[in-house]
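# sequence? don't have it. structure:
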């Protein structure tokens, strides 16, 4: 079942990954220096602090932060340049919004193949260039609507 990038429940995703990796609760408790009840509570959390999430990433050898990155790529509006001072540079790293991962491509193509969205809706809502979308459809042999 694909991840729902619109409504992320990180605790559930962590629990799935723990199950996939067959990691024992005793190991998790030891890693987090907590009791089993605390682990169960983390599974129920829709979101959690970055320090705890980073520890889960390390323990489970999975980048849960990328799930949030995919959400930003799919659902955040394009950056507005109206209020920016062109002479002012940020010290923070700058990322390109439109980097399409395989997971994101699969998500978009599934929307089209299951007729949840038309190609026009995908182009309009996700700001994916028409040529890019049609290349994906051709490359991955998806029937477009």
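Yep, that arrived. Please read these numbers as outputs of a predicted model, since none were measured by experiment.

# okay, helices next: where are they in the chain?
In the chain, the segments counted as helices under DSSP state H are 10-21, 25-32, 36-44, 50-60, 65-75, 102-113, 119-126, 130-139.

# weakest of these by average pLDDT?
Mean pLDDT per stretch puts helix 65-75 lowest among the helices of the chain, at a mean of 84.

# helices and strands around that helix, which ones?
Applying 3 or more C-beta pairs under 8 Å, 6 or more residues apart in numbering; DSSP states H and E, we find helix 65-75 packed against helix 102-113. C-beta: built from backbone N, CA, C; applies to glycine.

# off-centre distance for the helix it packs on?
Here helix 102-113 is found 13 Å from its chain centre; the criterion is C-alpha atoms, centre = their mean, to the nearest Å.

# same check on stretch 69-76?
In this view, stretch 69-76 has its centroid 7 Å away from the chain centroid, taken as C-alpha atoms, centre = their mean.

# check which residues of that stretch are buried.
70-71, 73-74 (16 or more other C-beta atoms under 10 Å).

# repeat that for stretch 28-39.
Going by neighbour count (16+ other C-beta under 10 Å), the buried part of stretch 28-39 is 28, 39.

# ok so, going back, out of the buried residues of stretch 69-76, who's nearest residue 102?
Closest approach to residue 102 among these (C-beta to C-beta): residue 70, at 10.9 Å.

# give the closest residue to that closest one in space, chain neighbours not counted.
Sequence neighbours aside, residue 5 is the residue nearest to residue 70 in space, at 5.0 Å (criterion: C-beta to C-beta, 6 or more residues apart in numbering).

# ok, now which ones touch that neighbour?
By C-beta atoms under 8 Å, 6 or more residues apart in numbering, residue 5 lies in contact with 67, 70-71, 74-75, 107.

# make it 7 Å
By C-beta atoms under 7 Å, 6 or more residues apart in numbering, the contact list for residue 5 reads 67, 70-71, 74, 107.

# show me the domain layout of this protein.
Domain assignment for the chain, taken from automatic domain parsing, gives 10-65, 102-139.

# buried ones in the shortest one?
Read that as domain 102-139. So for domain 102-139, counting by 16+ other C-beta under 10 Å, buried means 104-105, 107-109, 111-112, 117, 119, 122-123, 126, 128, 133, 136-137.
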